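J.: Sequence plus the predicted model coming up.
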Amino acid sequence: MTTTTTTSSGIRRAAGPAPARLPGAWTLGLHRGALELRQFFRQREQVVFTFAFPVVFLALFASIFRDDVRGAGVTASQLYAAAMIASGVMSTSFQSLGVSIALERDEKVLRRLGGTPMPPAAYFLGKLWLVLVSGIAETVLLLAVGTACFDLELPTGAATWFTFTWVFALGLTGCALLGIAISSVPRSGKSATSVVVLPFLVLQFISGVFISIDTLPDWMLNVGALFPLKWMCQGFRGVFLPESAAVLEQAGSWEYGRIALVLGAWCVGGLVLCLLTFRWKSHRDG
C-alpha cells in the first residue's frame with residue numbers, strides 16, 4: 001500500500017509503501033521460543049547433560065538407598081524419585097537460564113538484541129518457552145524412570161494432578177525468574193557455571209533432594225525453606241507418595257497452602273529481582 005503527500009505547490013507525490021507494522025511481543029516471543037528450542041536441541045552435549053544429570057543422580061541415590069522408611073509406608077528410593085523431579089525442574093530453569101544468559105551477555109548477543117526493534121519482553125518469553133518445553137521433557141523422563149525402576153506410583157485422581165500442575169507451574173516460573181536474575185552476578189561467561197551451580201548444589205543437599213528430609217537438622221530445613229526447591233520437593237512428595245509419608249515432613253503434613261504461598265512469593269520476588277538486576281551489557285562494557 002502506498003501513501004501520497006501534497007507539497008506546498010499543491011503537487012501530489014507518492015511517498016512509497018507505508019511501513020509494515022511490527023508483530024507484537026507475544027508473537028515475537030513465540031518465534032524466539034522456536035529459535036531457542038532449535039538452538040538448544042542442536043547442541044547435543046548440552047541436551048545430554050541437561051536431561052541426563054538428574055536421571056543419573058536419581059539412579060545412583062535410589063539404587064544405593066532402597067530400604068523401607070520406618071513408619072512412612074514408602075521406600076527411600078521413592079523419596080528420591082519424587083524429590084528429584086523438583087531438582088530436574090530447577091535444573092532446566094534456574095541453572096539453564098542462569099548460565100546461558102550470562103554467556104549470551106558475555107558474547108554480546110544481548111547487546112545486539114537490545115539494539116533491535118524487538119521488544120525486550122519477546123526475548124524473555126522465548127526463554128520461558130524453552131524452559132517450559134525442557135522442563136516438561138525432563139519431568140516426563142524422570143517420571144518414566146521413577147515408575148519403571150523405583151516403584152513410584154502415578155496419581156489417579158484429577159485433584160492430585162491439579163496439585164502437580166500448579167506446583168510445577170509456580171516452581172518452574174519462580175526458578176526461571178531467579179535464573180534470569182542470577183545471570184547478572186557472574187562477571188564473565190567463563191565464571192557463570194561456577195556461580196550458578198554452587199548454590200543449586202547446596203540447595204539440593206538442604207532441601208531434601210540428596211539427603212532424606214527426615215534426617216536433616218531443623219536449622220538446615222529452615223534455611224532450605226527460604227528457597228523454592230524445598231517446597232517443590234515437598235509438593236511433589238505429596239503428589240506421588242501416600243498420605244502416610246507426610247509424617248516425614250518437618251510440619252508432619254504436606255502444607256499445600258504454604259507451598260502455594262511460598263512459590264507464589266518467589267514468582268513475585270523473582271520478577272522484582274529481574275527488573276532490578278538484569279543488564280543487557282556485561283561488566284566490561286559498562
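T.: Yep, that arrived. Numbers count the residues shown, from 1 in each chain.
J.: what about residue 63, neighbour count?
T.: Other residues within reach of residue 63, judged by other Cβ atoms under 10 Å, total 12. Bear in mind the C-beta positions are built from the backbone N, C-alpha and C, glycine included.
J.: Helix or strand: which one has it?
T.: Remark: residue 63 resides in helix 44-64, with elements defined by DSSP states H and E.
J.: I'd say residue 163 and residue 240 touch.
T.: No: assessed by Cβ atoms under 8 Å, residue 163 is found out of contact with residue 240, at 10.4 Å.
J.: More neighbours: those two, which one.
T.: In this view residue 163 and residue 240 are compared by other Cβ under 10 Å, and residue 240 has more residues nearby, 24 against 20.
J.: I figured residue 120 was touching residue 114, is that so?
T.: Yes: counting by Cβ under 8 Å, residue 120 touches residue 114, with 7.4 Å between them.
J.: Quick check: longest helix in this structure by residues?
T.: Ranked by residue count and defined by DSSP state H, the top helix of the chain is helix 120-149.
J.: tilt between the helix or strand just after that one and helix 120-149?
T.: Of the helices and strands lying after helix 120-149 in sequence (DSSP H and E), the nearest is helix 158-182. If you take axes from the mean of the first three to the mean of the last three Cα atoms, to 10 degrees, helix 158-182 sits at 130 degrees to helix 120-149.
J.: Whatever helix or strand comes next after helix 158-182 versus helix 44-64: what angle between them?
T.: Counting by DSSP H and E, the next helix or strand C-terminal to helix 158-182 is helix 192-206. Interaxial angle, helix 192-206 versus helix 44-64 (the same axes, to 10 degrees): 20 degrees.
J.: Show me what helix 192-206 is packed up against.
T.: Using 3 or more Cβ pairs under 8 Å, 6 or more residues apart in numbering; DSSP states H and E, the elements in contact with helix 192-206 are helix 76-90, helix 96-106, helix 158-182, helix 218-224, helix 228-240.
J.: Need the residues that contact it.
T.: The contact list for helix 192-206 (Cβ atoms under 8 Å, 6 or more residues apart in numbering) reads 87, 90-91, 94-95, 98-99, 102-103, 106, 179, 182-183, 185-186, 209-211, 216, 220-221, 223-224, 227, 229-230.
J.: do the same with stretch 175-190
T.: With contact meaning Cβ under 8 Å, 6+ apart, stretch 175-190 is reached by 89-90, 93-103, 105-107, 124, 127-128, 131, 192, 194-196, 199, 228-229, 266-267, 270-271, 273-274, 277-279, 282-284.
J.: any low-confidence regions in the protein?
T.: Filtered on pLDDT under 70, the chain yields the residue ranges 1-22, 282-286.
J.: ok, 80 please
T.: Counting by pLDDT under 80, the chain has low-confidence residues at 1-26, 113-118, 188-189, 280-286.
J.: So for it, which residue is the most central one in space?
T.: residue 93 (2.3 Å; Cα atoms, centre = their mean).
J.: With distance to residue 255 as new columns, can the helices and strands packed on helix 192-206 be given to me in JSON lines?
T.: Output for the helices and strands packed on helix 192-206, formatted as JSON lines (distance: least, Cβ to Cβ, whole Å):
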{"stretch": "helix 76-90", "distance to residue 255": "15"}
{"stretch": "helix 96-106", "distance to residue 255": "28"}
{"stretch": "helix 158-182", "distance to residue 255": "12"}
{"stretch": "helix 218-224", "distance to residue 255": "12"}
{"stretch": "helix 228-240", "distance to residue 255": "7"}
